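1. Quick check, what structure comes out for this input:
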Amino acid sequence: MNYQKRIVVDPKIMVGKPVIKGTRITVELILKLLAQGVTVDELISQKYYPHLQKFDVYAAIEYATELIREERVYPLTWGRNLYSTPFSKGGESLYGSKQQTAQETGR
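-> The predicted model follows:
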């Protein structure tokens, strides 16, 4: 399935949230309803959104899957202070100044 034909991101529609093309139904809403136990058949029934098709729901799931697949995770580095990052060494920031530890700041 190609979700790009069914999912639209337009700043003028729902403040740029991804929606089903031709609607104001967000991908977020579809995923939330599915997570709450609403079935695909219920979602496209008269009770919820009869103008949706199963492929719209599947496109929303595929869109979310693609976002997660492309997500980058950067591990936290726990050095000698709480403010260490993967880009600092031993409390030194990228700019060369010493960062304060939690103990030094009294936190």
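2. Tell me which helix or strand in this protein has the weakest average pLDDT.
-> Every helix and strand in the chain was compared by mean pLDDT, DSSP states H and E; the lowest is helix 102-105, with a mean of 53.
3. what are the ranges of the helices in the protein?
-> Assigned by DSSP state H, the chain shows helices spanning 27-35, 40-43, 54-70, 102-105.
4. Distance to M1 and mean neighbour count for those - can I get that in CSV?
-> To be clear about C-beta, it is placed using only N, CA and C from the backbone, and glycine gets the same treatment. Listed next are the helices of the chain as CSV, based on distance: least, Cβ to Cβ, whole Å; neighbours: other Cβ atoms under 10 Å:
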stretch, distance to M1, mean neighbour count
helix 27-35, 14, 17
helix 40-43, 13, 15
helix 54-70, 6, 16
helix 102-105, 49, 10
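5. Can you tell me the closest non-neighbouring residue to D10?
-> Nearest residue to D10 in three dimensions, chain neighbours excluded: G16, at 6.7 Å (Cβ to Cβ, 6 or more residues apart in numbering).
6. What distance do you get for that neighbour to V73?
-> The spacing between G16 and V73, counted by Cβ to Cβ, to the nearest Å, is 24 Å.
7. Thanks again, I'm all set now.
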